[in-house]
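> give me a model of this one.
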Amino acid sequence: MKTSFPRPTFHHPNTCVIVAFLSVFLASNPLPAAEKSGWDLLPDILARIVPPTFPDRDFLVSDYGALGDGMTDCRSAFQQAIAACTQAGGGRVVVPQGTFFCKGPIHLDHNVNFHVSEGAVIRFSNRFDDYLPHVRVRWEGTECYNYSPLVYAYRKTNIAITGKGTLNGQAEASWATWGGKTRPGTPSNQVLRTMGRTGVPLSERIVYCKPTMIEPFECTNVLIEGVTLNDYPFWCVHPVFSTNVTIRNLRVESHNSNNDGINPDSCRDVLIENNYLDQSDDSLAIKAGRDQDAWKRGRPCENIVIRNMSVFDGVAIGSEMSGGVQNVFVYDCDYQSGNVLYCKSNLDRGGFIRNLFVKNINVGKARVLRLRNNYHGYRGGNYPTDFREIHIENVHIQEGNDETISVTGVEAAPVFNVFVKNVTVERAPPPLLNIRSAENVVLTNVRINGALQPTHPPILPPEAVEPEGTPAITPRRSGLWSDRSLWETGRDSSGADWEAIDANRLPDGASDRRVLIGKSSAVPTGVTVIMDQDIDDAFEVRIYEHSTLIIPWGRRLKIAKDLRPDRQNSMIRQTGGHLEIGADLHLDHETCQYLMTGGSIQANKLSLDEGTLIIDDSRNTIESLRFKGTFRTGDGNGDTTTKFVAHANGLTPIECADIELDSYLGERLIVDVSKYDFRSHGDLVLFRFTGTRKGAFDGGPEDPSARVDIIGAKAHLVYDDDSKQIRLTNFRY
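The predicted structure follows:
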């Protein structure tokens, strides 16, 4: 039997009144919609990012006295045209074809589109004082008064830099010659950081640091589009405290020190797209100030969209991020190497990094995620950064690095909510995962080396507290490698002084990650170290100022990491023996030199970034030179020289997989055939390669004339890609 229940009835005399009231209330006060989050935020952010538009008026700089002869100072003409444009209500200030010399910075004004036409080149002065008086900037996270950026705007609205022309900072011959980041004899960048930390009034923070290339400061409605930017002093595109910023279709090429590509700093609503970045430091680094100075400002960097990028490494956040970074979207990008996402902070920074969303990334060699709350070790403060809500999906990497997924919080501030989904890393060395002081790290369909990684990866114990810097060892005076009393140990970091401790032991890969020939407070004039025993260890070797490492006959140097002569007048002399490098051989300073007169070399690749490589086989004592990867020249901020000296029967050629002879500034090839019997032996092979060749010894774009010198005879240099050789032929006197 079906039971019937009576329908409830309301007997309150005011029921109809209550119902009517509720109907009216809900109609005028609807329930709040669910708050948007994640990728759902993106359409609203993009809708707010609208590039500025300008009236259809052109102000040709040549009408104000600018001459494109490469010599006449055009700065006054530029500024007159900018002033006229603003006074008229806005438009384009047009730089036509030609080479224009600018003796100092360009300062933009309201409603100005500074347009550098295709075929136009602006060369900035390399005289430091031309960038005075000081202007207000944020330099490495601290507000101060510094040299003017090369292109600068302060509290302006509706500004743009557009066109297909080139802005050349000419820093290689000026700012890049400084030993550090600040002008010799002036307050250091460390002094500036102390000013920010202790609250020194802004008006008293006057410094002489390398300036940025383009810096809109507290500006609204900014467009930077199309131009080529090269050879700049410091960071390249650095908008600060700015809103509604579009940066697109740039070509950035520079390899001076600290040449970050694009660094939005405490900005809001920024679109970065379709840029090509080839620089010597971070390609993209999102910033938000440093420590106490940024806390006082309280301005995060938020709503940052990065898409369709072609870069040499991935996106970094920090380490200057104390104002906080949130709502960052990165998608549809191709990286060459680096990290898909690198978040770096330490216990002095405070602030937060949250709501990061990354998808659809293809990379050659990279880590998926590197997240550190202990960047440069544990600092003196106790202000850990809050990391949470990090989402990465749809990533393909051909070759990973060790710790391909690394999430490192600290006990006082664990990392929360990291989600990695649909990621494939074809191959990577162990360890694959490094998860410490983190909660709710979830890996979904993550495959590394063909193996599916655990959804909930194991959490490792917190890292031991380590002092600042990298464990290293260095000789305190010249002498033999085997002399135990020669060595002192310490810690080396780019931002820290060497702190030496007596070692009385030999370098040991278990204790030392680097062997530093010449870096010691006790040896300011340099040292010479002679190998008198075989070495087989896991450390890296660097040669510093005015110092030399000698590899003689009968000795074998085998190291797992890099070998780098990378300071002024640093040198390696290999008179014999066997050199085996597990990583790369780098020549990193324009005055450094590698002289080989005997023995053999085997390494992953050779990067002749700057300096001179001399292969002197005049005594017929060189056995082999083999690089499993690339022989590459001209990737630094100075010229490079490769020199061969042949004996009567020829010489031992360099063998490599690929060979890249493109240069940024200039390269030179010298071949001494004074003793070579070309009548008997014919062609002289300099290089053999198995892969591809890119470029030629032609001096590079800064000096395109051929820079090939043949001493002792006349001959033709031939690039034979069919036989995979570079050789001299058609010898004659």
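
> hey, let's count contacts and neighbours off CA atoms from now on
Noted.

> quick one, strands of the stretch 201-350 of the chain?
Using DSSP state E, counting those that start in this stretch, the strands of the stretch 201-350 of the chain run over residues 214-217, 220-225, 228-230, 243-248, 251-254, 268-273, 276-279, 284-286, 301-307, 310-311, 315-318, 325-344.

> what's the weakest-modelled helix or strand in the chain?
helix 15-28 (a mean of 46; mean pLDDT, DSSP states H and E).

> so after it, what's the next helix or strand?
Going down the chain from helix 15-28, the next helix or strand is helix 42-48, by DSSP states H and E.

> which residues touch that following helix?
244, 269, 271, 303, 329 (C-alpha atoms under 8 Å, 6 or more residues apart in numbering).

> select, out of the strands of the stretch 201-350 of the chain, the one closest to residue 395.
Residue 395 lies closest to strand 325-344 among the strands of the stretch 201-350 of the chain, at 8.6 Å (C-alpha to C-alpha).

> could you check the angle strand 268-273 makes with that closest one?
Inter-element angle recorded for strand 325-344 and strand 268-273: 60 degrees (by axes from the mean of the first three to the mean of the last three C-alpha atoms, to 10 degrees).

> for strand 325-344, name the packing helices and strands.
strand 301-307, strand 310-311, strand 315-318, strand 352-372 (3 or more C-alpha pairs under 8 Å, 6 or more residues apart in numbering; DSSP states H and E).

> turn these into CSV, including distance to residue 125, mean neighbour count and mean pLDDT.
CSV is the format used below for the helices and strands packed on strand 325-344 (distance: least, C-alpha to C-alpha, whole Å; neighbours: other C-alpha atoms under 10 Å; pLDDT from 0 to 100):
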stretch, distance to residue 125, mean neighbour count, mean pLDDT
strand 301-307, 32, 24, 98
strand 310-311, 28, 22, 76
strand 315-318, 31, 23, 92
strand 352-372, 38, 23, 93
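
> low-confidence stretches in this protein?
Across the chain, the ranges flagged by pLDDT under 70 are 1-34, 312, 376-381, 464-469, 493-500, 521-522, 635-638, 662-665, 700-704.

> what's the spacing between the residue nearest the centre of it and residue 557?
The residue lying closest to the centre of the chain (C-alpha atoms, centre = their mean) is residue 281, at 1.6 Å. Distance from residue 281 to residue 557, counting by C-alpha to C-alpha, to the nearest Å: 30 Å.

> check contacts around residue 417.
By C-alpha under 8 Å, 6+ apart, residue 417 lies in contact with 388-390, 439-442.

> sorry, that was for residue 329
39, 42, 303-306, 356-358 are the contacts of residue 329 under C-alpha under 8 Å, 6+ apart.

> okay, these in TSV with distance to residue 432 next?
Shown next, in TSV, are the contacts of residue 329 (distance: C-alpha to C-alpha, whole Å):
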residue	distance to residue 432
39	28
42	32
303	31
304	30
305	29
306	27
356	22
357	22
358	20
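
> ok, of those residues, which one's closest to residue 579?
Among the contacts of residue 329, residue 358 lies closest to residue 579 (C-alpha to C-alpha), at 42.1 Å.

> might one say that the closest one is in contact with residue 393?
Yes. Residue 358 is within contact range of residue 393, at 6.3 Å (criterion: C-alpha atoms under 8 Å).

> rewinding a little: pick out the most distant pair among the contacts of helix 42-48.
Of all pairs in the contacts of helix 42-48, the most separated under C-alpha to C-alpha is 244 and 329 at 15.5 Å.

> just give me the neighbour total for residue 510.
The local packing of residue 510 (other C-alpha atoms under 10 Å) involves 10 other residues.

> ok, the nearest residue to it once chain neighbours are set aside - contacts?
Among residues not flanking residue 510 along the chain, residue 538 sits closest, at 7.9 Å (C-alpha to C-alpha, 6 or more residues apart in numbering). Counting by C-alpha under 8 Å, 6+ apart, residue 538 touches 509-510, 513, 559-561.

> go with 10 Å
When contacts are counted by C-alpha atoms under 10 Å, 6 or more residues apart in numbering, residue 538 touches 508-510, 512-514, 558-562, 581-582.

> from residue 329, how far off is residue 174?
For residue 174 relative to residue 329 (C-alpha to C-alpha), the value is 37 Å.

> do the same with residue 679
From residue 679 to residue 329 the distance is 65 Å (C-alpha to C-alpha).

> swap in residue 481?
Look at residue 481 and residue 329: by C-alpha to C-alpha, they are 51 Å apart.

> ditto for residue 255
In terms of C-alpha to C-alpha, residue 255 sits 27 Å off from residue 329.

> then residue 482?
54 Å.

> now do the shared contacts for residue 358 and residue 393.
Common neighbours of residue 358 and residue 393 (C-alpha under 10 Å, 6+ apart) are 331, 420.

> and the helices in this structure?
Under the criterion DSSP state H, the chain contains helices at 15-28, 42-48, 75-87, 189-198, 291-297, 678-681.

> got a markdown table for the ones you listed, with mean neighbour count too?
As requested, these are arranged in a markdown table below (neighbours: other C-alpha atoms under 10 Å):
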| stretch | mean neighbour count |
| --- | --- |
| helix 15-28 | 11 |
| helix 42-48 | 13 |
| helix 75-87 | 20 |
| helix 189-198 | 17 |
| helix 291-297 | 20 |
| helix 678-681 | 12 |
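
> tell me which of those helices lies nearest to residue 209.
helix 189-198 (7.3 Å).

> by contact count, what packs against the closest one?
Here helix 189-198 touches strand 135-139, strand 142-146, helix 291-297, going by 3 or more C-alpha pairs under 10 Å, 6 or more residues apart in numbering; DSSP states H and E.

> what's next to that helix, contact-wise?
Contacts of helix 189-198 (C-alpha under 10 Å, 6+ apart): 139-144, 180-183, 199-202, 204-209, 290-294, 296, 495-496.

> whichever of the residues you listed end up buried, select them in PyMOL.
With 16 or more other C-alpha atoms under 10 Å as the criterion, this PyMOL line picks the buried residues out of the contacts of helix 189-198:
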select buried, resi 139+140+141+142+143+144+181+182+183+205+206+207+208+209+290+291+292+293+294
